[in-house]
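Student: no sequence on hand, only this structure:
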């Protein structure tokens, strides 16, 4: 008997199939083209763990081996107990491995000889129609990629960096940075309070990453942006120990930049020249068999020592120059990460995994006085302990009950803390936006204090059944998000000194205006008291059903539906927001025009819903009191607090934004309201140019079909405002006295014209092209994205003003705030080029590169007043697109994004990795240089032209908030034995 053995090529990481968010495994899908295909057996075995699986092909030769953990497998085809062929196959995260074998039989004298006349793995993944990127730790280790999930996400097409005021975040497909989801080993680790950021583990723990930018299957929900999915390492039959050391020295980093007010000639606004960041990390890991071929463990500990020093400010960022310096120390036993993953192969068909970690971190934050002009650091003003991170534990079960039926179950819980514990409780928050040379400042860091802890309990069930040419999936998932969040301002007050120009007006009380009728500027102070909170809950439930139908050998259709239910309850346990979404369709196709597996046309359509985040529970239904009172003053004391206070407009000088009685659903949510939702359309083509090169192009269109935000005009319930879909007729009831009881006979339907809000608009259009070159020694990816993001609101948060209140931003609070809002959005980057990869100079030395060239973001000029002070149109606060000129007593209209753009940015990162052996231990030394050219272009600016009231010009308008990070160096050493 003759045997033919051919190695199957690894599937390109440039494309991938939509895997379940909870799945830690993938499928091998193939075909045996032979007479009597059911007489063959196809088996795979992972030699590292001993896991093996065997299936019998269908009558048409098709076979599928489901839910395989990622890794290297040996695939064997057997007939009548005799091996026909053997191949090596790699199963990667988010990819189905597709194998095809042509077999023929011949022989004489009754001896049958099976020959392999052809074998193939499709270079283009014909089973997928979604969009994104899959990359493993090996690829990442070869390139200079920062060690965080956002850096991984930014490798994918259609992703751009978010505003620095939200932390290290990414925008997917024009969406705001608060609309993404993150998973580790099937557990969602997204910040459930605001959607900003994710739970993370050390990079040495990760195994593979999957970035989904569009075309999600019905299994995915609760995100209208993108998704980052990752898996961690597991133990094998070989014990392996490793130690890594990473050092990011401040001494090898370049200094930052300075921005000034008054067009660059005034006072210092931001000064980052003294900023320093030093990180020292050591990671110890061990993995191996507790019972060979049965029970495996991988465990890791990561002591961390991080010193982060940076210039800051006290008060409101838009009106305050750098006047503080913060030194943060994260070290010692309170910053020790630990994590483990235990895998039990109960049988070849049933597996159980346990995953747990703790990334708790206590940071000591010391605040000092700071002279932004000279860079001199002053005396200590106060110390705050920042308690961050939390603990996760989860269990995953996978059962293959037959060749066609697979069950996945997952249960887990993650607790995350965001608590600040200040040491200085004597000095309030103080902002001075009067534009005077002498500033009034606080004697301490200011801020607020209170508990802030999230707990997210999760359960998922997924069933998969093969029925002829159909792969049917069904599932259910549930999350219970509990939060304890209380807050109070230090000293009970937060003061902002402001100026009111002659002839200018501002809202100082509910439905009360104050006009400066004098011939000179009036100086006054506002006191915002934001206090309260408690415990509250959000329940999320969803079910889905989908079918992957192999219509013909060359055509595959995906059809799915998903239905979500979102329920938010306040401190009383009563619902204040509840949504039962429409059935959301998910459709896709993949067509091979040649039948050779070297090209495909593909397309998707989907509707995605975003739940109401727990931050809304906190703001509307946790018992928070939010009032602002306006005063004249005669002086100020040593803490920065005003003295000689007199209400600016008499008894009616207080604006009530929320009352301590939690909202009820009838007053907070309009009866017709639909949850936030987007539609997405993608059409693309991918083809293989050579054995090593593929190219793809796709067009993308995203549109918000229902925006959900709070309206706060006089028609709304005055206790907390009212959630509605802007531009639509809406029905609600009132609680105008704020007692938590519905006002009698207050139910009414308001027309869109009465409310006065425009219909919400947010559209993203993009054309993406990508070229991948994967050879033995070189790996290169080139991506170009042309995109346009327009509308009258960004999404869940507002990057242009740095407001992190998902779903209840100032957008749509009053009609005046939307006049001029239609324009290019803050995440609009018209042109983005990405080039990254690596090259093996020798067997032991690899160089890597990662570069991005991107056009700037649009800029606006926000005003603080409006020509029409009718309370039906203009409320007590908010940034408008009108600027007041006191000399002409008129307003100038400046629509969104109409005052230019920030500069283009260009960044090049380089790395070198050298492998060697020392005393029988495998070693690897790494050098990463980020921003080699030290380009420090401006990435965000102060867009507030006026300083809180009409006619009071903000001296810091146009000054840079942030720049590209200066050049820095990271050194690493790794030992494996």
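Tutor: Perfect, thanks for sending it. Keep in mind it's a predicted model, so treat the numbers as computed, not measured.
Student: how about the contacts made by the closest residue to residue 889 other than its chain neighbours?
Tutor: Excluding its sequence neighbours, the residue lying closest to residue 889 (CB to CB, 6 or more residues apart in numbering) is residue 503, at 5.5 Å. Yep, even glycine has a C-beta here, placed from its N, CA and C like the rest. By CB atoms under 8 Å, 6 or more residues apart in numbering, the contact set of residue 503 is 515-517, 886, 889, 951.
Student: now tabulate the residues you listed in JSON lines and tack on secondary structure and distance to residue 803.
Tutor: Conversion of the contacts of residue 503 to JSON lines gives the following (DSSP: H, G, I helix; E, B strand; the rest coil; distance: CB to CB, whole Å):
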{"residue": "515", "secondary structure": "strand", "distance to residue 803": "28"}
{"residue": "516", "secondary structure": "coil", "distance to residue 803": "27"}
{"residue": "517", "secondary structure": "coil", "distance to residue 803": "33"}
{"residue": "886", "secondary structure": "coil", "distance to residue 803": "28"}
{"residue": "889", "secondary structure": "coil", "distance to residue 803": "30"}
{"residue": "951", "secondary structure": "coil", "distance to residue 803": "23"}
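Student: return the member of the residues you listed nearest to residue 755.
Tutor: Proximity of the contacts of residue 503 to residue 755 (CB to CB) peaks at residue 515, which lies at 26.6 Å.
Student: give the buried residues for the host helix or strand of residue 586.
Tutor: Using DSSP states H and E, residue 586 sits in strand 584-591. Along strand 584-591, the positions that meet the burial threshold by neighbour count (16 or more other CB atoms under 10 Å) are 584, 586-591.
Student: again, but for stretch 469-477
Tutor: Of the residues in stretch 469-477, those buried by neighbour count under the rule 16+ other CB under 10 Å are 471, 473-475, 477.
Student: and what of stretch 729-741?
Tutor: 730, 732-735, 738, 740.
Student: any idea which of the contacts of residue 503 is closest to residue 543?
Tutor: The shortest approach to residue 543 among these belongs to residue 951, at 55.6 Å (CB to CB).
Student: gap between residue 889 and residue 325?
Tutor: Per CB to CB, to the nearest Å, residue 889 is found 43 Å from residue 325.
Student: more neighbours, these two?
Tutor: Summary of the neighbour comparison: residue 889 and residue 325, criterion other CB atoms under 10 Å, with residue 325 having more neighbours (24 against 11).
Student: just give the nearest non-adjacent residue to that one, would you?
Tutor: Leaving out its chain neighbours, the residue that sits closest to residue 325 by CB to CB, 6+ apart is residue 370, at 3.9 Å.
Student: which element is the one you found on?
Tutor: Taking DSSP H and E as the definition, one finds residue 370 inside strand 361-371.
Student: coming back round to it: how close does the residue nearest to residue 325 sit to residue 426?
Tutor: As defined by CB to CB, residue 370 lies at a distance of 20 Å from residue 426.
Student: residues contacting the residue lying closest to residue 272 once chain neighbours are set aside?
Tutor: In space, not counting the residues next to it along the chain, residue 272 is nearest to residue 256; the distance is 2.9 Å by CB to CB, 6+ apart. Going by CB under 8 Å, 6+ apart, residue 256 touches 271-275, 936, 963, 966.
Student: what do you get for residue 815?
Tutor: 713, 755-758, 872-874.
Student: quick one on the thing from earlier: between the buried residues of stretch 729-741, which is nearest residue 239?
Tutor: When those are compared for distance to residue 239 (CB to CB), residue 740 wins out at 61.5 Å.
Student: confidence score at residue 108?
Tutor: The predicted local confidence for residue 108 comes out at a pLDDT of 52.
Student: I'd guess residue 911 is in a helix, am I close?
Tutor: No - when DSSP: H, G, I helix; E, B strand; the rest coil is applied, residue 911 is found to be strand, with no helix at that position.
Student: distance of residue 583 relative to residue 535?
Tutor: Using CB to CB, which is the criterion applied here, residue 583 is 33 Å from residue 535.
Student: what's the answer for residue 724, then?
Tutor: According to CB to CB, residue 724 stands 27 Å off from residue 535.
Student: please apply the same query to residue 68.
Tutor: Note on residue 68: its distance to residue 535, by CB to CB, is 42 Å.
Student: out of the two, which sits in the more crowded spot?
Tutor: When neighbours are counted by other CB under 10 Å, residue 68 and residue 535 differ, and residue 68 comes out ahead with 21 against 18.
Student: which residues touch that one?
Tutor: With contact taken as CB under 8 Å, 6+ apart, residue 68 is in contact with 25-28, 44, 46, 51, 53, 91.
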